[in-house]
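# Got a predicted structure plus its sequence, pasted below:
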Amino acid sequence: MLINNPGSRVLVAMSGGLDSTMTAALLHEQGHQVVGLTMKTWDYAASGGNQKETGCCSLDSINDAREVAVSLGFPHFILDIRENFGDSVIDYFVEEYLAGRTPNPCVMCNTHIKWDALLQRAEQLNCEHLATGHYARLATGDDGRRYVLCGDDLNKDQSYVLWGLNQDALKKTIFPMGDYTKAAIRAMATDRGYRNLVNKPESYEICFVPDNDYRGFIKRRVPGLEQSVLGGAFVDTSGQTIGHHQGYPFYTVGQRKGLETAFGTPKYVVSIDAERNQVVLGDLKDLDRTTMVVHQLNWQKIASVPHDGMEAVVKIRYKDPGTPAFVKPDGHKVLVEFMAPVKAIAPGQSAVFYEGDAVLGGGWIHSSLPMVWESHPSNANLHNP
């Protein structure tokens with residue numbers, strides 16, 4: 001979505017990648033006063049890792065963003081938010097694993113770090129709008145509420161990570177990439193001479209763990225942790241010890257590989273008990289759930305869940321196609337009852353509620369309830385207590 005009033009001043013968050021570059025280029029071509037800003041969020045060397053810095057935090061990416069700004073003739077700034085990023089996103093990431101949950105740092109960073117910092121800088125630079133390269137769209141309801149829509153390219157849709165944006169942020173934000181497919185953006189970029197960015201590999205890792213070794217990252221952040229949690233028990237779903245693990249923070253719900261123990265048949269992490277340093281293992285069917293509790297909610301298209309509940313399609317991870325569910329209010333939380341079993345609901349991950357392609361809102365998964373299996377486990381014989 002581009003802006004209808006040409007000439008407006010727009011702050012563009014530029015990571016140095018293809019999508020944010022094309023966001024800036026398209027807005028510039030439309031006649032807007034573009035101001036580029038690249039955030040320095042993290043020094044990978046500070047984590048003690050041994051892999052080259054990559055992604056939006058790297059010096060190469062900052063230089064790529066600056067070169068685009070210079071070539072198009074608009075100002076470019078670098079914003080150092082490493083201190084806030086470390087205090088909020090990094091600490092949150094480690095603390096969630098220590099609590100036996102699976103963190104979602106991209107959502108936390110978007111909601112509480114990047115957008116806050118970008119909107120503050122947009123105001124300081126007299127920018128009317130903030131633009132990013134996310135593949136998502138925006139809409140406004142009859143009641144004036146602003147909300148996120150899925151991007152036209154469903155293979156690249158990033159609406160899932162944007163549920164935390166509040167009304168103030170949404171009313172100032174635009175997503176120019178949302179109306180295009182990735183293939184179209186690549187073709188447009190090639191035509192404009194950005195072939196180096198078209199061929200630039202996309203990073204799917206967590207920006208501060210570019211070697212994808214989150215276990216090593218946590219160990220370096222918490223000295224002595226490995227010794228204190230080493231040798232905890234693997235237990236089955238009845239509580240019987242069936243082996244010993246490397247430490248509960250180093251496992252996630254749904255994990256099958258990397259258990260370091262042979263059990264004869266495939267086993268999956270069903271749940272994690274941080275207090276007892278236990279990791280519960282089970283069969284694939286033991287991952288099934290039909291009920292979960294979601295808290296710390298933020299609503300976009302609606303102001304709140306109706307008193308008598310509502311139906312929605314609920315996604316519990318980024319590439320989740322979504323499952324129909326009934327959502328009921330429960331104080332400051334909601335109870336989600338899925339209409340079909342869902343596998344590997346991980347506390348700490350985001351749950352996002354959709355109506356068609358519109359984001360109703362989202363929150364953090366607090367807990368889920370185990371399935372009750374009848375003597376013949378089929379969908380017709382599944383229910384929750």
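Done, it's in.

# Would you check that residue 185 makes contact with residue 19?
Yes - with contact defined as CB atoms under 8 Å, residue 185 and residue 19 form a contacting pair (6.6 Å). Any C-beta I mention is one placed from the backbone N, CA and C, and that applies to glycine too.

# Find residues that contact each of the two.
Here residue 185 and residue 19 have residue 177 as joint contacts, going by CB atoms under 8 Å, 6 or more residues apart in numbering.

# Quick one: distance of stretch 126-144 to the chain centre.
19 Å (CA atoms, centre = their mean, to the nearest Å).

# again with stretch 96-115
Relative to the mean C-alpha coordinate of its chain, stretch 96-115 is positioned 8 Å out (CA atoms, centre = their mean).

# Show me the shaky parts of the stretch 151-300 of the chain.
Under the criterion pLDDT under 70, the flagged ranges of the stretch 151-300 of the chain are 203-205.

# hmm, try it at 80
In the predicted model, the stretch 151-300 of the chain carries pLDDT under 80 at residues 201-205, 210.

# Strands of that one, start to end?
All strands of the stretch 151-300 of the chain, identified by DSSP state E, counting those that start in this stretch, fall at 173-174, 233-235, 241-244, 268-273, 278-282, 288-299.

# Could you name the helices and strands sitting against the longest one?
Other elements packing on strand 288-299 under the criterion 3 or more CB pairs under 8 Å, 6 or more residues apart in numbering; DSSP states H and E are strand 333-343, strand 358-370, strand 382-383.

# what is the rounded mean pLDDT of the last one?
Along strand 382-383, the predicted local confidence has a mean pLDDT of 36.

# burial measure for residue 290, as a count.
Residue 290 has 22 neighbours, counted by other CB atoms under 10 Å.

# Wait, it touches residue 342, no?
Yes - with contact taken as CB under 8 Å, residue 290 and residue 342 are classed as touching, separated by 7.0 Å.

# next structured bit after the top helix by length along the chain?
Within the chain, and with DSSP state H defining each element, the longest helix by residue count is helix 59-72. Moving toward the C-terminus from helix 59-72, the first helix or strand encountered (DSSP states H and E) is strand 76-80.

# Buried residues of the very next helix or strand once past that next one, list them for me.
The helix or strand immediately downstream of strand 76-80 is helix 82-85, counting by DSSP H and E. Buried positions in helix 82-85, judged by neighbour count with 16 or more other CB atoms under 10 Å: 82, 85.

# how far does helix 82-85 sit from the chain's center?
Remark: helix 82-85 is offset 18 Å from the chain centroid, using CA atoms, centre = their mean.

# What of stretch 135-155?
Averaging C-alpha coordinates over stretch 135-155 and over its chain gives two centres that are 17 Å apart (CA atoms, centre = their mean).

# Run through who's touching it.
Identification of contacts with stretch 135-155 by CB under 8 Å, 6+ apart yields 1, 19, 134, 156-159, 162-163, 165, 167, 170-171, 173-175, 177-182, 300-303, 354, 357-360.

# rewinding a little: so which of the helices and strands packed on strand 288-299 is the most surrounded?
Across those, averaging neighbours per residue (mean count of other CB atoms under 10 Å) puts strand 358-370 on top, at a mean of 21.

# so what does that one touch, helix or strand wise?
Other helices and strands packing on strand 358-370, by 3+ CB pairs under 8 Å, 6+ apart, are strand 146-150, strand 288-299, strand 333-343, strand 350-355.

# Could you check the second one and say which residues are buried?
Meaning strand 288-299. Residues of strand 288-299 classed as buried under the neighbour-count rule (16+ other CB under 10 Å) are 288, 289, 290, 291, 292, 293, 294, 297, 299.

# List the buried residues in stretch 60-67.
Neighbour-count burial for stretch 60-67 flags 61, 62, 64, 65, 66 (criterion: 16+ other CB under 10 Å).

# try stretch 156-174
The neighbour-count criterion (16+ other CB under 10 Å) identifies 156-165, 169-170, 172-174 as the buried residues of stretch 156-174.

# Dump the C-alpha coordinates for that stretch into PDB.
Included here for stretch 156-174 are C-alpha records, laid out as PDB according to Å, rounded to 0.1, in the frame of the first residue of the first chain:
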ATOM      1  CA  LYS A 156       5.700 -14.300   2.100                       C
ATOM      2  CA  ASP A 157       2.900 -13.000   4.300                       C
ATOM      3  CA  GLN A 158       4.300 -11.500   7.600                       C
ATOM      4  CA  SER A 159       1.000 -10.500   9.300                       C
ATOM      5  CA  TYR A 160       1.700 -13.100  12.000                       C
ATOM      6  CA  VAL A 161       4.600 -11.100  13.500                       C
ATOM      7  CA  LEU A 162       2.700  -7.800  13.500                       C
ATOM      8  CA  TRP A 163      -0.200  -8.600  15.900                       C
ATOM      9  CA  GLY A 164       1.500  -6.600  18.700                       C
ATOM     10  CA  LEU A 165       1.200  -3.200  16.900                       C
ATOM     11  CA  ASN A 166      -1.300  -0.900  18.700                       C
ATOM     12  CA  GLN A 167      -3.600   1.600  17.200                       C
ATOM     13  CA  ASP A 168      -1.300   4.500  17.500                       C
ATOM     14  CA  ALA A 169       1.500   2.600  15.600                       C
ATOM     15  CA  LEU A 170      -0.900   1.300  13.000                       C
ATOM     16  CA  LYS A 171      -2.300   4.700  12.100                       C
ATOM     17  CA  LYS A 172       1.200   6.000  11.300                       C
ATOM     18  CA  THR A 173       2.500   2.900   9.500                       C
ATOM     19  CA  ILE A 174       2.400   1.800   5.800                       C
END
